[in-house]
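[1] Provided below for reference: sequence and predicted model.
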Number of protein chains: 2
Amino acid sequence: MKLLPVLDQATDEACCTPSGVPALGAEEAKQKALVFKALADPNRLRLLSIVKADASGESCVCDLTEPLDLGQPTVSHHLKILVEAGLLHREKRGTWAYYSLVPGALDEAAGLLATL
Amino acid sequence: MKLLPVLDQATDEACCTPSGVPALGAEEAKQKALVFKALADPNRLRLLSIVKADASGESCVCDLTEPLDLGQPTVSHHLKILVEAGLLHREKRGTWAYYSLVPGALDEAAGLLATL
DNA sequence: CGACTACATTGATGACTGTCAATGTCAGGG
DNA sequence: CCCTGACATTGACAGTCATCAATGTAGTCG
């Protein structure tokens, strides 16, 4: 910054007229980035895909570990991130843990792009 | 994997009936994740926001460096990532480089979530 | 109670990422 | 022709992340 100590209004009319305010607040941007961070991994996208495609609407971890060719702790880790991002819902019944899509969460995430 | 050497069909009826195929291909997931990876940074979201908000539809780097409180090389780096993700378009005129939103790119990114 | 099963947590490690200082490139002006 | 300004590229470094092996926890069944 401050590369123009003098001659600011001399023959410059094309460039460098910033909007003043960043248009998207730093805190707001951080918050939105968290959701996209959760989506920024191929295996997490596949997890969402499988859960979404399941007819019952929910899947247990053992349904998810095998098709991804990942270790069980890794899948558990990814699922935790998706839950914390508000995309998945976790419900434990007996020995199994069932994961389901949070209704409207994906649409809401898509909406974040429209309100940039 | 392979934690069930024997007794596979013994008294299990509730869980572990995977969809067979991952529903979202590994390569396809990788490709989609690239877009979300580009969106998974607060400063990049703010860059997109500024470019989008600009009345002229395009902004030069000097318009983007100041409001973000980042060094010029860092902003250049982020812009490159956004261009490679297909979200921004770069056009060099004279000494300045102008960045503009790729038309429909944000909508297309939002659409990726619908087709999981 | 004790073994087994489904899942979560921890710790470690290699890979990747965001940032900046320094340098390179290229166009315009004296 | 050199100098300056706008932007890109490189190299280095700290922080984050994805992954796995090992271990912990909590239901279930005998």
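    Sure thing, it's come through.

[2] now the strands for chain A?
    Taking DSSP state E to define them, one finds strands in chain A at A:58-60, A:88-93, A:96-101.

[3] which one of these lies nearest to DNA strand D?
    Smallest distance to DNA strand D across the strands of chain A (Cβ to the nearest atom of the strand): 7.2 Å, for strand A:88-93. To be clear about C-beta, it is placed using only N, CA and C from the backbone, and glycine gets the same treatment.

[4] buried stuff in the closest one?
    Within strand A:88-93, the residues that count as buried by 16 or more other Cβ atoms under 10 Å in any protein chain shown are A:Leu88, A:His89.

[5] can you check stretch A:42-54 too?
    Buried, per 16+ other Cβ under 10 Å, within stretch A:42-54: A:Pro42, A:Asn43, A:Arg44, A:Leu45, A:Arg46, A:Leu47, A:Leu48, A:Ser49, A:Ile50, A:Val51, A:Asp54.

[6] low pLDDT regions in chain A?
    Chain A contains residues with pLDDT under 70 at A:1-22.

[7] using PDB, write down the CA coordinates of stretch A:31-42.
    This file holds the C-alpha atoms of stretch A:31-42, laid out as PDB (Å, rounded to 0.1, in the frame of the first residue of the first chain):
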ATOM      1  CA  GLN A  31     -18.400 -18.200   8.400                       C
ATOM      2  CA  LYS A  32     -19.300 -19.000   4.800                       C
ATOM      3  CA  ALA A  33     -15.900 -20.400   4.100                       C
ATOM      4  CA  LEU A  34     -16.400 -23.000   6.800                       C
ATOM      5  CA  VAL A  35     -19.200 -24.600   4.900                       C
ATOM      6  CA  PHE A  36     -17.200 -24.700   1.600                       C
ATOM      7  CA  LYS A  37     -14.300 -26.100   3.600                       C
ATOM      8  CA  ALA A  38     -16.400 -29.000   4.600                       C
ATOM      9  CA  LEU A  39     -17.300 -29.500   0.900                       C
ATOM     10  CA  ALA A  40     -13.800 -29.100  -0.300                       C
ATOM     11  CA  ASP A  41     -12.800 -32.800  -0.100                       C
ATOM     12  CA  PRO A  42     -13.700 -35.500  -2.600                       C
END
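
[8] okay, now A:Leu101: neighbour count?
    19 (other Cβ atoms under 10 Å in any protein chain shown).

[9] can you pull the contacts of it?
    Listed by Cβ atoms under 8 Å, 6 or more residues apart in numbering or on different chains, the contact set of A:Leu101 reads A:Leu48, A:Val51, A:Lys52, A:Gly57, A:Leu87, A:Leu88, A:His89.
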